[in-house]
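In: Next input, structure requested:
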Amino acid sequence: METLNSPFLLKPVGKDYLWGGTRLKDDFGKTFDMDPLAETWECSTHPAGQSVVSGGPYDGRLLTDVLKEHPEYLGEHPDVKSGDIPVLIKFIDAKNDLSVQVHPTDEYAKEHENGASGKTEMWYVIDAEPGACLVCGFKHKVTKEAVKKAIARGTLEGMMNHYPVEKGDFFFIPPGTVHAIGRGCLVAEVQESSDITYRLYDYNRLDKSGQKRELHIEKALEVANLDVAGDPRKPMGVYRFKPGRSTTLLARCQYFQVERMLINTERVSDAVCYRTGTSSFQVLLCYDGCGTLSRDDNSRSLRFFKGDCIFVPANSPAMKMHGKASLLRIRC
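Out: So this is what the prediction gives:
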């Protein structure tokens, strides 16, 4: 009899934003009939794109419906609503520059966006082309009037900091930070479960229908931090090593905790032990390599590959992990 609270794979939702490319198909084997494919929402209960369970006893069901049926899978997080999780996890392929944008705080979004959540986010750089950069925050304190003039002149990016991006970098972006992911970045994003973006500038690009995309200048300037910005690049945090596994804490905030986990059991006789506990569900996002997650009693085994996303319910049975893989582990 298969244990229902065992980990299960998720099938993502694709987004064909105009700045996307083909790397999510080429590198991760995503099979969406979209060109370009800009994002895949790997773990999401957001109404704009909900993940579906792939395989196992819940195969084909919306993650939201499974969690409504089994709220115990979410753990003890006080802000988790029935059937919803507070995070949204993505892969992003920025073949071209994303718009210069900003996200609101929870307080602003609840008041002005029908009770929605704001957006705190972090990015882990999986790969970056030479010269790729992140545009983030202002070089000097600016005024709303100066920003409006720069938008009209097409010089807004000149007022902002540009940070070179390399594979393995990670950035933490609080709400109110004006930013843009530059072309040539392949990233994993962990964020609040929100789809609210206020665009300040979009390079006068045209969408598929030949129209310029909507800007949200007034709302953006209401929430934007116009002071000098701090460096969003964060040093690697607490590092732990055990035979076959190393973990590095990347980010911890009120919404999520993210660790980078490197697994290599090629020269280890025993598998890596993996447990979740009762306090929170976990999500494993594999961005390189492959492996196997299995119960201690070997009654169930789950194989995962580069590009896969695994939902691990709170209080799952003790498991073993074999393989050679690089993953992000997210919990709330």
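
In: use CA for all of it now, contacts and neighbours both
Out: Will do.

In: Tell me how many other residues crowd the residue lying closest to Glu39 once chain neighbours are set aside.
Out: Among residues not flanking Glu39 along the chain, Ile92 sits closest, at 4.6 Å (Cα to Cα, 6 or more residues apart in numbering). Residues lying near Ile92 (other Cα atoms under 10 Å) number 25.

In: Check which helices and strands the helix or strand harbouring Ile92 is in contact with.
Out: Assessed by DSSP states H and E, Ile92 sits inside strand 87-94. Counting contacts by 3 or more Cα pairs under 8 Å, 6 or more residues apart in numbering; DSSP states H and E, strand 87-94 is packed against helix 23-26, strand 39-43, strand 185-192.

In: and these as CSV, adding mean pLDDT and mean neighbour count?
Out: Output for the helices and strands packed on strand 87-94, formatted as CSV (pLDDT from 0 to 100; neighbours: other Cα atoms under 10 Å):
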stretch, mean pLDDT, mean neighbour count
helix 23-26, 98, 17
strand 39-43, 98, 26
strand 185-192, 98, 24
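
In: Between these, which one is closest to Cys136.
Out: Closest to Cys136 of the helices and strands packed on strand 87-94 is strand 185-192 (Cα to Cα; 14.4 Å).

In: which residues touch that closest one?
Out: Identification of contacts with strand 185-192 by Cα atoms under 8 Å, 6 or more residues apart in numbering yields 23, 86-95, 117-129, 132-133, 165, 255.

In: which among the residues you listed end up buried?
Out: 23, 86-95, 117-128, 132-133, 165, 255 (16 or more other Cα atoms under 10 Å).

In: tell me the contacts of the closest residue to Ala314 other than its chain neighbours?
Out: Nearest non-adjacent residue to Ala314, counting by Cα to Cα, 6+ apart: Phe281, 4.3 Å away. The neighbours of Phe281, taking Cα under 8 Å, 6+ apart as the test, are 73-75, 311-315, 331-332.

In: let's see it at 10 Å
Out: Phe281 makes contact with 7, 72-77, 85, 311-316, 330-332, according to Cα atoms under 10 Å, 6 or more residues apart in numbering.

In: And for Ile89?
Out: 12, 40-44, 121-122, 188-193, 283, 285, 309, 330.

In: run the last query once more with 6 Å
Out: By Cα atoms under 6 Å, 6 or more residues apart in numbering, the contact list for Ile89 reads 41-43, 189-190.

In: Give me the below-cutoff pLDDT ranges for the chain.
Out: 1-3, 78-79, 235-236, 268-275, 298-299 (pLDDT under 70).

In: Thr64 is nearest to which of the helices and strands packed on strand 87-94?
Out: strand 39-43 (10.3 Å).

In: Partner strands of the closest one, with direction?
Out: Here strand 39-43 is paired, per DSSP bridges, with strand 13-15 (antiparallel), strand 87-94 (antiparallel).

In: Would you reformat those as a markdown table and include distance to Val52?
Out: Shown next, in a markdown table, are the strands paired with strand 39-43 (distance: least, Cα to Cα, whole Å):
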| stretch | distance to Val52 |
| --- | --- |
| strand 13-15 | 8 |
| strand 87-94 | 14 |
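
In: Can you name the residues bridging to the nearest residue to Arg295 once chain neighbours are set aside?
Out: Distance criterion Cα to Cα, 6+ apart; nearest residue to Arg295, sequence neighbours excluded, is Met319 at 4.3 Å. Beta-bridge pairing of Met319 under DSSP bridges involves Tyr274, Arg295.

In: Please report the distance of Met319 from Leu293.
Out: 7 Å (Cα to Cα, to the nearest Å).

In: One more: Val80?
Out: For Val80, the distance to Leu293 - Cα to Cα - is 26 Å.

In: For the two, indicate the residue with more neighbours.
Out: Each of Val80 and Leu293 has its neighbours counted (other Cα under 10 Å); Leu293 has more, 24 against 16.

In: For that one, give me its contacts.
Out: 301-302, 320-321.

In: With Pro175 instead?
Out: Pro175 neighbours (Cα under 6 Å, 6+ apart): 103-105, 119-120.

In: Return the closest of these with respect to Arg183.
Out: Nearest member of these to Arg183, counting by Cα to Cα, is His103, at 20.0 Å.

In: Now the closest one: phi and psi?
Out: phi -120, psi 150 (degrees, to the nearest 10).

In: how close does it get to Ala109?
Out: Counting by Cα to Cα, the gap from His103 to Ala109 is 9 Å.

In: When these two are compared, which one has more neighbours?
Out: His103 (28 against 19).

In: what about Ala152, which helix or strand?
Out: helix 144-153.

In: Which SSE is immediately downstream of that helix?
Out: Counting by DSSP H and E, what follows helix 144-153 is strand 160-164.

In: Tell me which strands that next one pairs with, and in which orientation.
Out: Checking strand 160-164 against DSSP bridges gives partners strand 133-138 (antiparallel).

In: next one: the partner strand to chain centre, how far?
Out: Relative to its chain's centre, strand 133-138 lies at 18 Å (Cα atoms, centre = their mean, to the nearest Å).
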